[in-house]
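> Fold the following and give me the result.
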Amino acid sequence: MNRSFWIIALIAFINSLSLTILIPIIYLYGKEFGLSDFQTSLLFSIYSLAQFLATPIIGKLSDRFGRKPLLIISLAGTVIANFIAGTATTAAVLFIARLLDGITGGNNSVAQAVISDVTNQENRARGFGIFGAAFGLGFILGPATSLVAQQISLGTSFLVSGVIALVALLITIFFLPETIKNKAERAHNIFDLGLGNLVKGLAIPKLGILLVINFFIGTTFTIFTYALQPYYINVLNQTVESLTLIFVLFGVLSLLMQTEGVRILTRKFSLITILFLALFVRSLSFVLMPIWPSVYYFVGVSILFSIFNSLVQPMVNTLISLNARLEDQGTALGLNSSYLSISNAVGPVIAGVLIDQSHPTTYRYPLYLAGILTFLVLGLAVLTRKKYTVVV
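From the prediction side, this is the model:
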């Protein structure tokens, strides 16, 4: 791994830290502005929907103009948006800030394109594993940082997030070289980079089916992440502090698997074999979690889940990268991030519809559904494997 790789891994970690600081406080911050539960949920969806539409555009432009300038623009948007949100005095301003952050939130896909630029086929899976681990480390430290910032105010968490994103921006400006070697030709129509491109992406040989698979993978995962909190607190009768430790456990196991685990497994097994195994264990874990309402049982299943779940995204990202042309890496990974963004908006809605607070047994339903749907996704991946199989 060369110097550019480790710089982008550092940027990914800082960017993840900036993002995860906000996860625990967006809902409560919306409440400070007098928003209803439904209106507060829109703070999440407006960000994800904006990302869905904007990320493939940013990926396409990074193929044409280079990774560095688009990464600078994306990070700058996050800095500005979080400072606006942290100093907002009205709900309207807060919504504008979340929209801006979503529109310029394609920095993750551009960073993934950098990984594709600076790694060869043999070590690309390990590269995406380390990238995922750097991002996962931010998921461990972000909520802890947020807890400290909240002691001042919820708005301070946004300001701290903005400052951390500013650090990533400065590192990009002064230390990250341009990594793209073959820039794409000029687009015929700049306005053809949006929604139509998302539809066309499904027709791209090899890539289209991978985008569909990863969309459903993302949807089932966000069904789980939404359902986890009410089930853990209301059915298992645990505290928020205990729930935080669960997320720390997920982060630590993910970090270990995405660094050493990916490296060891890819030496012995194909990417597709690892993906199939990880999806099977994820599906089984979702179904097992709510069977016995014991916190010790739940933690045990969660450990099994986290070990294998952390392999899914690096394998899919690697397969997408290997099936895309060199000049289309940013476009492919941008499309992938965009479909994951819309799955982030779809999954929680599906889980929320299934839950009825007056009937505690319904807290189990989203977990069962996530397991069943993940098994169906595995079936789709197995049936279509010849379309995206690569020889590394």
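
> Enumerate every residue touching Gly261.
Gly129, Ile307, Ser310, Leu311 (CB atoms under 8 Å, 6 or more residues apart in numbering). Every residue, glycine included, has its C-beta placed from N, CA and C.

> average pLDDT for stretch 89-102?
Averaged over stretch 89-102, pLDDT sits at 94.

> Just the buried positions in it, please.
Ala91, Leu94, Phe95, Ile96, Ala97, Arg98, Leu99, Leu100, Asp101, Gly102 (16 or more other CB atoms under 10 Å).

> and which of the residues you listed is nearest Ser74?
Minimum distance to Ser74 across the buried residues of stretch 89-102 is 9.8 Å, recorded for Asp101 (CB to CB).

> Just give the closest residue to that closest one, not the sequence neighbours.
Ala81 (3.6 Å; CB to CB, 6 or more residues apart in numbering).

> if I pick that neighbour, what's in contact with it?
For Ala81, the contact set (CB under 8 Å, 6+ apart) comprises Ala97, Arg98, Leu100, Asp101, Thr104, Gly162.

> For the most centrally placed residue in the chain, give its distance to Ile72.
With distances taken as CA atoms, centre = their mean, Leu340 lies nearest the centre of the chain, 7.0 Å away. The spacing between Leu340 and Ile72, counted by CB to CB, to the nearest Å, is 23 Å.

> Ala133 too?
Distance from Ala133 to Ile72, by CB to CB: 24 Å.

> Looking at those two, which has the bigger crowd around it?
Ala133 (25 against 18; other CB atoms under 10 Å).

> hang on, that one packs against Glu260?
No. Assessed by CB atoms under 8 Å, Ala133 is found out of contact with Glu260, at 9.1 Å.

> For stretch 353-373, measure first residue to last.
Using CA to CA, to the nearest Å, the end-to-end distance of stretch 353-373 comes to 16 Å.

> So what touches it?
Outside stretch 353-373, the residues touching it (CB under 8 Å, 6+ apart) are 216, 219-221, 223-224, 226-227, 230-231, 234-235, 283-290, 350-351.

> in that stretch, what's buried?
If you call a residue buried by 16+ other CB under 10 Å, then stretch 353-373 has these buried ones: Leu354, Ile355, Tyr363, Arg364, Tyr365, Pro366, Leu367, Tyr368, Leu369, Ala370, Gly371, Leu373.

> ok, those residues vs Ser294, which is closest?
Arg364 (13.4 Å).

> For the closest one, what are phi and psi?
Torsion angles at Arg364 (phi, psi; degrees, to the nearest 10) stand at phi -80, psi -30.

> Make 59 the starting number, not 1.
Got it, first residue is 59 now, which makes that one Arg422.

> how near is it to Glu180?
44 Å.

> so where's the stretch 209-358 of the chain shaky on pLDDT?
240-256, 298-299, 302 (pLDDT under 70).

> So for Ser401, what's the nearest residue that isn't a sequence neighbour?
Nearest to Ser401 is Gly276, by CB to CB, 6+ apart, at 3.2 Å.

> The host helix or strand of that neighbour: how far from the chain's middle?
Gly276 belongs to helix 265-288 when assigned by DSSP states H and E. Centroid displacement of helix 265-288 relative to its chain, using CA atoms, centre = their mean, to the nearest Å, is 10 Å.
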